[in-house]
Structure formats: structure tokens, C-alpha cells
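J.: I would like to see how this sequence folds:
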Amino acid sequence: MFKWTIALLLVGVGLGVAIYPTLAQQEPVPTAEIMKKKLEYSQKLLEALTLNDLDKVVAEAGNLIQVRKEAGFRAIKTPEYEMFADDFQRAADAMVKAAKDKNLETAKLHYLGMTLSCFNCHAYVRDVRKRG
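T.: Numbers count the residues shown, from 1 in each chain. From the prediction side, this is the model:
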């Protein structure tokens, strides 16, 4: 039994060593590219809200939630930036819930809140970069 445990451990370590260089070579998507995707999804989301297509609202808000999870989404690491990112996340989550509840007006309000969090965050990042 002990020999099998050691053998499995060695195989696991060997696989980890073989796979790690491949994983380490994967670079995060650049922030500019992520922001471009975010803009595209936001535009599609606005279209869905305008056309009262709540299923598409759920899909596009879900895409935005996924974009936020990408490493390149974090342009800078400050508590203020995290606050704006959290505001974005809460608004997107609330928009999904409202759309699933078939509440178009509430979904629209959360879209406005999400957009406002973007405006505020972009202004903050620009100000921080000008100072630094």
C-alpha cells in the first residue's frame, strides 16, 4: 500500500512539473483588451435593455461579470479601485436578478448604476496615473 502511495505521489509531482511551465507561460489578457470587451458587452446590454430582451440582458450582464473576474480587469491595486470594481459587480449581479425576475425598469436602473461605477473608476484610474 505504501509503495502505491509513493508511486501515485511521484506521478502527480511529475505531471505537475510537466504542466506548470505551460500554465506559467499563459499571460493575463492586457487591460486594454479587457476594457474593449467590456465596452462591447455594455453596448450589447444597452441594446437588449432598449429592446426589452431580458434573456439577452442576462447573457450580456453575465459576460460582464465574467470579464470582471479576469486578471487584467484590475488596472491598479488600491482599496478605492476595489470599491469601484465591487460596485460594478453588485450592479451587474442585480441587473441579472432583475432581468430574471422580468423587471425591466429595475434592470435599467442597475445598468445606470453599473455605468456610473465605470465612469467613476475610469476617472479615478486616470487621476492616479497622472499623479504617479
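J.: mind checking how far residue 44 is from residue 114?
T.: 13 Å (CB to CB, to the nearest Å). To be clear about C-beta, it is placed using only N, CA and C from the backbone, and glycine gets the same treatment.
J.: of the two, who's got more company?
T.: Per other CB atoms under 10 Å, whichever of residue 44 and residue 114 has more neighbours is residue 114, with 22 against 18.
J.: contacts only, for that one.
T.: 42, 64, 87-88, 91-92, 95 (CB atoms under 8 Å, 6 or more residues apart in numbering).
J.: could I get the phi/psi values of it?
T.: According to degrees, to the nearest 10, the main-chain angles of residue 114 amount to phi -60, psi -40.
J.: please apply the same query to the one 5 residues further on.
T.: Main-chain dihedrals, residue 119, degrees, to the nearest 10: phi -60, psi -50.
J.: dump the residue contacts of it.
T.: The contact partners of residue 119, by CB under 8 Å, 6+ apart, come to none.
J.: got a pLDDT number for it?
T.: Residue 119 carries a pLDDT score of 95 in this model.
J.: for the protein, which segments count as helices?
T.: For the chain, helices defined by DSSP state H occupy the ranges 2-25, 31-50, 54-68, 79-100, 104-131.
J.: what's the least confident stretch among those?
T.: helix 2-25 - the lowest mean pLDDT of these, at a mean of 45.
J.: sorry, back to before: from the contacts of residue 114, which two are the most distant?
T.: 42 and 87 (14.7 Å; CB to CB).
J.: looking at these two, which has the bigger crowd around it?
T.: Remark: of residue 42 and residue 87, residue 42 carries more neighbours, 20 against 17, as counted by other CB under 10 Å.
J.: can I assume that one is in contact with residue 64?
T.: Yes. Counting by CB atoms under 8 Å, residue 64 is a contact partner of residue 42 at 6.8 Å.
J.: from residue 71, how far out is residue 83?
T.: Residue 83 is 19 Å from residue 71, by CB to CB.
J.: the two: which is more packed in?
T.: Set side by side, residue 83 and residue 71 show more neighbours around residue 83, with 14 against 10, by other CB under 10 Å.
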